[in-house]
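Colleague: Predicted model follows, preceded by the sequence.
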Amino acid sequence: MTSLAATDGHPEVTVIIPTRNRRHLLQETIDSLLAQTFQNWELIVVDDASEDDTWQWLSGLQDARIRAIRMTEHGERSKARNAGLSEARAERVLFLDDDDLLPKEALQKHVEAMQQHPDAVVSVGGHLEFDGKGGRRDAPIAKRRAERNVAADISLGFVPLSGPELFQQQARESVNAWDETYAIAEDHHLNMRVMRLGPAVLLPEIVLEYRVHDGQGRPFRTWKLAMKIRKRAIKKVTPEERRRAEQ
């Protein structure tokens, strides 16, 4: 695994992007991060053994806040995210896919919410779905900012994407990072574990623009795996965790 230079200072947020053979989309994703109103971040891009010019392009970036890691063998998203997570220096971490975009105030809204709700293990906002034909659809999750336990909600079907979530790094470490045995529904598996650790702060704002395009697919396989994950997690819920979730 190859790594480019580290940044200086102490960032407040680490953004981790796993990528493979999507250099042009990746450039748009990074541009959306560069345009953020909140700028105290570092970016770790993990090139999952791309076969296009992704690594050459990453090697030419001049922003000191951006680091790039190249995996010599293709390992899928969970392994790539864990590689980035091992290099993260901030107390809060956001995982962003290489085909999605951040609205310009996304990080600012997340950080403000986490500062106002220090007991929250994660900040979760809504997302906007868009496609190449001009279609757009908002998917908000709350009418106002609120802190609550959502472990029970996730067990019953609430499935937030990973992109509109800002995690406390300590919470992420306590569940042993991403489970690399999952190549689909891995974000659902992560949320099932993290949300049992404490409350989430829910945001009314749209904090991710989710790109819908060819190549994503597999919705039925994802749904079936999510159901299996949910059933296993429900069996492990303790009476104390159930009591907290119902508060």
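Modeller: Yep, it's here.
Colleague: surely residue 91 meets residue 169?
Modeller: Yes: contact criterion Cβ atoms under 8 Å: residue 91 and residue 169 qualify, at 5.2 Å. Just so you know, the C-beta spots here come from the backbone N, C-alpha and C atoms, and that holds for glycine as well.
Colleague: residues contacting residue 165?
Modeller: Shown in contact with residue 165 (Cβ atoms under 8 Å, 6 or more residues apart in numbering): 94, 95, 122, 123, 124, 125, 191.
Colleague: Kindly state the beta-bridge partners for it.
Modeller: residue 124 (DSSP bridges).
Colleague: what's the spacing between it and residue 116?
Modeller: Using Cβ to Cβ, to the nearest Å, we find residue 165 at a distance of 17 Å from residue 116.
Colleague: of the contacts of residue 165, closest to residue 58?
Modeller: Closest to residue 58 out of the contacts of residue 165 is residue 95 (17.7 Å), distances taken as Cβ to Cβ.
Colleague: Which residue is the nearest non-sequential neighbour of the closest one?
Modeller: Nearest non-adjacent residue to residue 95, counting by Cβ to Cβ, 6 or more residues apart in numbering: residue 162, 4.7 Å away.
Colleague: Equivalent analysis for residue 143, please.
Modeller: The shortest distance from residue 143 to any non-neighbouring residue, by Cβ to Cβ, 6+ apart, is to residue 204 (5.8 Å).
Colleague: Report how many residues lie close to the one you found.
Modeller: Burial of residue 204 is recorded as 15 neighbouring residues (other Cβ atoms under 10 Å).
Colleague: Is it correct that it falls within a helix?
Modeller: No: under DSSP: H, G, I helix; E, B strand; the rest coil, residue 204 falls outside any helix and is assigned strand.
Colleague: Tell me which stretches of the chain form helices.
Modeller: Taking DSSP state H to define them, one finds helices in the chain at 23-34, 54-59, 76-85, 106-116, 151-155, 169-174, 186-194, 219-236, 239-245.
Colleague: need the least confident one among the ones you listed, by mean pLDDT.
Modeller: Ranked by mean pLDDT, the helices of the chain bottom out at helix 219-236, which scores a mean of 50.
Colleague: Could you check how far residue 192 is from residue 186?
Modeller: 11 Å.
Colleague: Centre-most residue in this structure?
Modeller: Central residue check for the chain by Cα atoms, centre = their mean: the C-alpha nearest the mean position is that of residue 95, 2.7 Å away.
Colleague: doesn't residue 160 make contact with it?
Modeller: No: contact between residue 95 and residue 160 fails when scored by Cβ under 8 Å: they sit 11.8 Å apart.
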